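Asker: have a look at this prediction, sequence included:
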Amino acid sequence: MLDEEAKAVQEVAKATGKGIDMVASAGGALRNLLGDSLEQLGGIVSDWARYYRYKNLLEVMDKFSRIAAERRTAGKATPLPPQFALPLLEGASLESEDDVQELWAGLLANASDPARPIGLKKVYVEILRGLQPLDVRLLQALSRPDLDADYGIHNGATLNAEALAAIVEADVEDTQISLQTLARYGCVLDSWQNTMQGLDTGYAGFRVNNPGSNFRLSHLGNRLVSATSTK
C-alpha cells in the first residue's frame, strides 16, 4: 500500500514542481494569462499536500502498529479525546523524518495504551512538531541511565556541546543549535546540580559555547522522553 502511495506522491510531485516553477518564473503575468485556471494549479498543490500527509501518517501508523504488536496491545487502544487526537494526528501527518516519526508513534501508542497512563499534554505535541533528527538523538543520549557512569559527570567531567557532539556523532555547531532548540522548548538545562532540590534549576544561564557547560534533561525533557518511548 505504501509503495502505491509513494508512486502516486512522486507523480503528483512532478506535476506540482513544474507548476510551482512556472508560477515563480512568470509571476503576475501568468495570472493575467490563466485567470481562473491558476486556481486549478493550486488544486494540484493541494492534492500533492494531501498525498504527502497521508503517506507520512501511514508510516507513523505502521510504527504505531509495530509497537502495539510488540506490547500485545493491538485492538486494545483507548480512544483519545478529540482535543488531543486531532492535533496529534495532524502533527504526525506533517513529519517525514523516520526518527521523529518514531516519537509520534510512541506518543500515540503510550497515550492510547490503557496500561500506560502518561498524562498526555498538549506541550508534547507542540515540541514534537519542532524537532529534527539530531534533536531526537540528543534527547535519547541525554536520557541514557548509564550516562553519568560512562562519562564521570559527578567526578568532574563535563557534558558540554563538544562532548555531546562526539556521543551522537554530529558536527559541533549543529549540536549547539540543536541544544538551543531543545532549551527553547524547556527540555534541556545547563548545568548539573547534585542535589534533589536542584533538579529543575539551571544556573548561570544557557551557555552553549562554554566548555564548562554541563547539559542534562529538564523535568519536561524527561517526561517527553518517557511519553514518547517505544519500549
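Answerer: Looks like it arrived, so ask away.
Asker: list the buried residues for the helix ranked longest in the chain?
Answerer: Residue-count comparison of every helix in the chain, with assignments taken from DSSP state H, identifies helix 37-71 as the longest. Along helix 37-71, these residues count as buried under the neighbour rule (16 or more other CB atoms under 10 Å): 38, 41, 44, 48, 51-53, 55-57, 59-61, 63-64, 67-68, 71. The C-beta positions use only the backbone N, C-alpha and C, and glycine is treated the same way.
Asker: stretch 173-185 too?
Answerer: Within stretch 173-185, the residues scored as buried using 16+ other CB under 10 Å are 175, 176, 177, 178, 179, 181, 182, 183, 185.
Asker: would you turn these into JSON lines with secondary structure?
Answerer: What follows is the buried residues of stretch 173-185, written out as JSON lines (DSSP: H, G, I helix; E, B strand; the rest coil):
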{"residue": "175", "secondary structure": "helix"}
{"residue": "176", "secondary structure": "helix"}
{"residue": "177", "secondary structure": "helix"}
{"residue": "178", "secondary structure": "helix"}
{"residue": "179", "secondary structure": "helix"}
{"residue": "181", "secondary structure": "helix"}
{"residue": "182", "secondary structure": "helix"}
{"residue": "183", "secondary structure": "helix"}
{"residue": "185", "secondary structure": "coil"}
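Asker: show me which of these is closest to residue 209.
Answerer: Taking CB to CB as the measure, residue 209 lies nearest residue 176 of those, at 6.7 Å.
Asker: need the contact list for the closest one.
Answerer: Residue 176 makes contact with 161, 208, 209, according to CB atoms under 8 Å, 6 or more residues apart in numbering.
Asker: and it, what's its pLDDT?
Answerer: In this model, residue 176 is scored at 94, pLDDT.
Asker: with residue 114 instead?
Answerer: Reading off the confidence values, residue 114 has pLDDT 82.
Asker: ok, and the closest non-adjacent residue to residue 67?
Answerer: Ranked by CB to CB, 6 or more residues apart in numbering and with sequence neighbours excluded, the top spatial neighbour of residue 67 is residue 109, at 4.2 Å.
Asker: which residues touch the nearest residue to residue 107 once chain neighbours are set aside?
Answerer: Using CB to CB, 6+ apart and skipping residues adjacent in sequence, the residue nearest residue 107 is residue 228, 4.9 Å away. For residue 228, the set of contacting residues under the criterion of CB under 8 Å, 6+ apart consists of 102, 103, 104, 106, 107, 110, 124, 128.
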